[in-house]
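J.: Provide a 3D model corresponding to the input given below.
(chains A and B)
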Protein chains: 2
Amino acid sequence: MPSIDLATIAQTNRTGYPPPYAALVEGRCVRRVGEAVGLQDFGVSHVVLRPGAASSQRHWHEEEDEFVVVLSGEAVLIEEDGRTIMRAGDMAAFPKGDANGHHLVNEGEQDCVLIAFGRVPVGNCHYPDIDLMVSGGRYCHTDGTPY
Amino acid sequence: MPSIDLATIAQTNRTGYPPPYAALVEGRCVRRVGEAVGLQDFGVSHVVLRPGAASSQRHWHEEEDEFVVVLSGEAVLIEEDGRTIMRAGDMAAFPKGDANGHHLVNEGEQDCVLIAFGRVPVGNCHYPDIDLMVSGGRYCHTDGTPY
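T.: Numbers count the residues shown, from 1 in each chain, chains lettered A, B, ... in the order given. I've put the predicted structure just below:
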């Protein structure tokens, strides 16, 4: 049965971000759908952003394409060029290697639900606003020292 | 600007299916979104199924994971195990190598809009209901003779 029953997939707000950067995603509730149903070629996450929550810290990947589609509610896409309101059916793509830090923030009072796609994590990730990066598969300061 | 303006992406109902199998997807209107915005890790297609249209002939891939999420309207997921109605927000996953032929058919009177994800085409594809397969990157009869 390939249709997906979300109720059977665990939801978590866990993050690998060190403090104080974890607080921004405390209201980000994720179901790892792709993994749960046996997909290997790409990752699929069902994400609920509670009011005030962000999809991530603003970031960009050297080696991972990303894609999001909003299913319900509203979030603000924040990137180098500015802000874009995204609503149900709106999509955004973030090609790897494009140094355009981005994230979605729920600035409203209702939940926002979206689906996020990516590949298996690989390569470095940059966070232009904060003292954080992913290098060699782990979070560290931008000077390379570990948290 | 990573948010996607669908109006800038060409829509086509082209198919590689030989007759008579092409008729079923005549009302399938596709925008190759991932390609248009520079994604390389996975494919993303915005698909409108007109009333009567199917997403494909019923098929399964040996080496390509697939995933769909419905944005609006309604379609029937038809697979080995039966039929499932899919509406806005509903998702389905088709892990590669699972010999469960599947497609979505719009049996209603309104358009159905969905997003389909996959990897770069690779490997064979099987169509359990008809005399068609993909072998060596081309459509052929199930005995391997070309169309």
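
J.: tell me the contacts of the residue nearest to A:His102 when sequence neighbours are not counted?
T.: Nearest residue to A:His102, sequence neighbours excluded (CB to CB, 6 or more residues apart in numbering or on different chains): A:Glu79, at 4.2 Å. Using the backbone N, CA and C atoms, a C-beta is placed for each residue, glycine as well. Counting by CB atoms under 8 Å, 6 or more residues apart in numbering or on different chains, A:Glu79 makes contact with A:Arg58, A:Asn100, A:Gly101, A:His102, B:Met1, B:Pro2.

J.: B:Asp5 versus the nearest residue to the last one once chain neighbours are set aside, what's the distance?
T.: Residue nearest to B:Pro2 in three dimensions, not counting chain neighbours: A:Ala92, with 4.5 Å by CB to CB, 6+ apart. A:Ala92 is 11 Å from B:Asp5, where distance means CB to CB, to the nearest Å.

J.: what does A:Gly137 give?
T.: Per CB to CB, A:Gly137 is found 35 Å from B:Asp5.

J.: Dihedrals phi and psi, the most centrally placed residue in chain A?
T.: Nearest to the mean C-alpha position of chain A, by CA atoms, centre = their mean, lies A:Ser55 at 4.3 Å. Dihedral pair for A:Ser55: phi -70, psi -20, per degrees, to the nearest 10.

J.: pretty sure it contacts A:Leu104?
T.: Yes: taking contacts as CB atoms under 8 Å, A:Ser55 lies within contact range of A:Leu104: 4.3 Å.

J.: Overlap in contacts, those two.
T.: A:Leu49, A:Val68, A:Ala75, A:Leu114.

J.: Would you double-check that the second one falls in a helix?
T.: No: the assignment for A:Val68 is strand, going by DSSP: H, G, I helix; E, B strand; the rest coil, so no helix is present there.

J.: For it, give me its contacts.
T.: Applying CB under 8 Å, 6+ apart, the residues near A:Val68 are A:Ser55, A:Met86, A:Met91, A:Ala92, A:Leu104, A:Leu114, A:Ile115, A:Ala116, A:Phe117.

J.: Please repeat the previous calculation with a cut-off of 7 Å.
T.: A:Val68 is in contact with A:Met91, A:Ala92, A:Leu104, A:Leu114, A:Ile115, A:Ala116, counting by CB atoms under 7 Å, 6 or more residues apart in numbering or on different chains.

J.: what does stretch A:122-134 rub up against?
T.: Contacts for stretch A:122-134 (CB under 7 Å, 6+ apart): A:21, A:57-64, A:101, A:135, A:139-142.

J.: If we use 6 Å, what do you get?
T.: Applying CB atoms under 6 Å, 6 or more residues apart in numbering or on different chains, the contact partners of stretch A:122-134 are A:Tyr21, A:Gln57, A:Arg58, A:His59, A:Trp60, A:His61, A:Glu62, A:Glu63, A:Gly101, A:Ser135, A:His141, A:Thr142.
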